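Peer 1: Dropping the sequence and predicted coords here.
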Amino acid sequence: PIEGGALKVGRNSAVISSSSWFYLHTAVAGSAISIEEGGLYQGQSDQFTINIAGAGGGAVLSRGTFALTGAFLSGNTADFLGGAVWVLDGAASFSNTVFDGNTVSSAPGAGGALYVGGAGSSGAQTVDITGSVFSGNSASSGGGGSGGAIATDYYDGGALWISDSTFEDNVASLVGGAIHFFDDSPVPSISTITRTRFEANHAQWGGGAVAVDAEDVLYGSLKIGQSAFWNNVVVGNSLNPAYGGAILLEDGDLFVDNSSFFHNGEAPTGSTVNVQGRVYAVVPRLGAGPTYGDLHYSTVQGSGSGAAMYLDGPADMRVKHCIVDGLSGPGPNCAVAPGSGRFFNRWMVSSDNTCIGHHGSVGASAGAVLGIGTFGLYGGTLPYFPILPTSSAVDISGPFQCGTATGLTLVDQLGSPRPINGCDGGSIEYAP
């Protein structure tokens with residue numbers, strides 16, 4: 001069949017499902033289910049396994065409303081778009097759902113588990129993901145895959161909202177090991193990622209965890225808060241270096257606050273990999289508008305080589321109330337390529353002097369004390385660096401200099417209020 005090998009949900013129709021199993025269906029698109037505009041599919045504890053689509057939506061193609069709770073999608077495959085699900089139009093939501101081992105198998109492929117939007121869409125798409133797991137998904141065949149777990153491609157507006165979720169061991173052969181956020185819509189949109197963990201995701205050329213490319217968005221393309229990134233990897237070579245072990249910003253605006261970054265960037269092969277960006281590389285495309293990378297209230301610990309933060313292109317990077325530690329490796333904490341934009345660093349503590357120069361920042365020459373504990377879980381759901389009372393980041397600014405990058409409630413990574421006295425740097429507010 002062309003679409004919906006097992007089930008087609010027509011216009012103004014609704015299907016409510018519980019514990020259904022869709023197995024080994026084939027179609028050109030949406031091999032198990034296709035949902036037309038105005039149609040609704042709502043599933044509880046459904047399973048989608050080893051479904052295969054020739055074009056997109058390995059298991060599901062939706063133009064209407066698609067909602068899953070407690071579902072399991074595994075081993076589904078599409079040639080190009082959305083190894084498990086393609087949300088072409090309308091709205092989708094996924095709660096406490098697992099996407100495991102789904103694949104887009106041909107180049108250029110996008111969205112190993114989930115693809116949102118596309119050139120054939122006729123309106124905005126919204127996707128809400130909460131309490132879900134994306135593991136072992138892949139957009140890696142042929143060297144042209146982006147978004148190992150999720151890829152967005154907005155042309156007429158849309159938004160992606162992710163909270164309390166996990167992305168681990170996802171792979172992209174191009175950019176965005178876990179997520180490739182692309183927005184070419186003239187309609188401003190604000191997508192958010194909160195309280196989410198990114199671990200051991202892998203991209204060949206940029207954004208080991210997340211790559212952002214929002215060409216025409218006027219303001220606020222993607223906002224990330226209260227999240228943790230660790231052991232994410234980009235791999236280049238001596239001729240073609242890779243960028244952004246955790247996050248690559250190509251175009252648009254990116255805002256990150258109250259988050260922790262640990263050992264992102266370096267592949268297990270160590271010195272054989274040339275990685276120029278640890279957390280960010282800002283590389284605007286030719287002809288693009290202004291690009292801004294904002295990192296606020298976060299703690300960044302590199303892996304001892306390359307730069308903790310790397311700026312490359314006509315863009316500005318604004319860093320406020322952060323702690324940066326490059327582990328005394330050969331690379332600086334902050335590096336700027338010739339002809340690039342500027343770092344604006346405020347109330348920052350750095351283990352060297354390369355990030356210093358603005359508004360109350362302190363580095364090694366000023367006797368700065370990082371004062372952070374070991375990255376790990378301390379009774380919560382996300383790992384972080386505890387802040388010690390000896391840290392130079394404690395009360396580094398007065399309460400009137402507090403503010404957030406994302407506009408969320410002024411709390412730290414754990415949800416504790418800021419400030420207690422003055423404002424602390426780093427992802428955790430010190431509580432005496």
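Peer 2: Ah, there it is.
Peer 1: How many residues are close by residue 36?
Peer 2: Here the count is done by other CB atoms under 10 Å, and residue 36 has 19 residues near it. All C-beta atoms are positioned from the backbone trio N, CA, C, and that covers glycine.
Peer 1: Likewise for the one 10 residues further on?
Peer 2: Residue 46 has 23 neighbouring residues, counting by other CB under 10 Å.
Peer 1: Hmm, residue 74 and it touching each other?
Peer 2: No - at 11.9 Å, residue 46 does not count as touching residue 74 under the criterion of CB atoms under 8 Å.
Peer 1: what residues are up against residue 319?
Peer 2: Each residue near residue 319 by CB atoms under 8 Å, 6 or more residues apart in numbering is listed here: 294-296, 309, 334, 343-346, 348, 355.
Peer 1: Neighbour count for those - can I get that in a markdown table?
Peer 2: Below are the contacts of residue 319 laid out as a markdown table (neighbours: other CB atoms under 10 Å):
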| residue | neighbour count |
| --- | --- |
| 294 | 20 |
| 295 | 27 |
| 296 | 24 |
| 309 | 31 |
| 334 | 25 |
| 343 | 22 |
| 344 | 15 |
| 345 | 26 |
| 346 | 18 |
| 348 | 30 |
| 355 | 27 |
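Peer 1: any idea which of those is closest to residue 323?
Peer 2: Looking at the contacts of residue 319 and their distance to residue 323, the nearest is residue 348, at 7.6 Å (CB to CB).
Peer 1: if I pick the residue lying closest to the closest one once chain neighbours are set aside, what's in contact with it?
Peer 2: In this structure, residue 348 finds its nearest non-sequential neighbour in residue 361, 4.0 Å apart by CB to CB, 6 or more residues apart in numbering. Residue 361 is in contact with 345-350, 355, counting by CB under 8 Å, 6+ apart.
Peer 1: 7 Å instead, please
Peer 2: 345-348, 355 (CB atoms under 7 Å, 6 or more residues apart in numbering).
Peer 1: Next, format the residues you listed as JSON lines and append pLDDT and secondary structure.
Peer 2: Listed next are the contacts of residue 361 as JSON lines, based on pLDDT from 0 to 100; DSSP: H, G, I helix; E, B strand; the rest coil:
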{"residue": "345", "pLDDT": "78", "secondary structure": "strand"}
{"residue": "346", "pLDDT": "80", "secondary structure": "strand"}
{"residue": "347", "pLDDT": "83", "secondary structure": "coil"}
{"residue": "348", "pLDDT": "83", "secondary structure": "coil"}
{"residue": "355", "pLDDT": "72", "secondary structure": "coil"}
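Peer 1: will you turn the residues you listed into a markdown table that also has distance to residue 202?
Peer 2: As requested, these are arranged in a markdown table below (distance: CB to CB, whole Å):
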| residue | distance to residue 202 |
| --- | --- |
| 345 | 30 |
| 346 | 33 |
| 347 | 34 |
| 348 | 29 |
| 355 | 27 |
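Peer 1: Let me know the pLDDT of residue 16.
Peer 2: In this model, residue 16 is scored at 98, pLDDT.
Peer 1: secondary structure class for it?
Peer 2: Under DSSP: H, G, I helix; E, B strand; the rest coil, residue 16 falls in the strand class.
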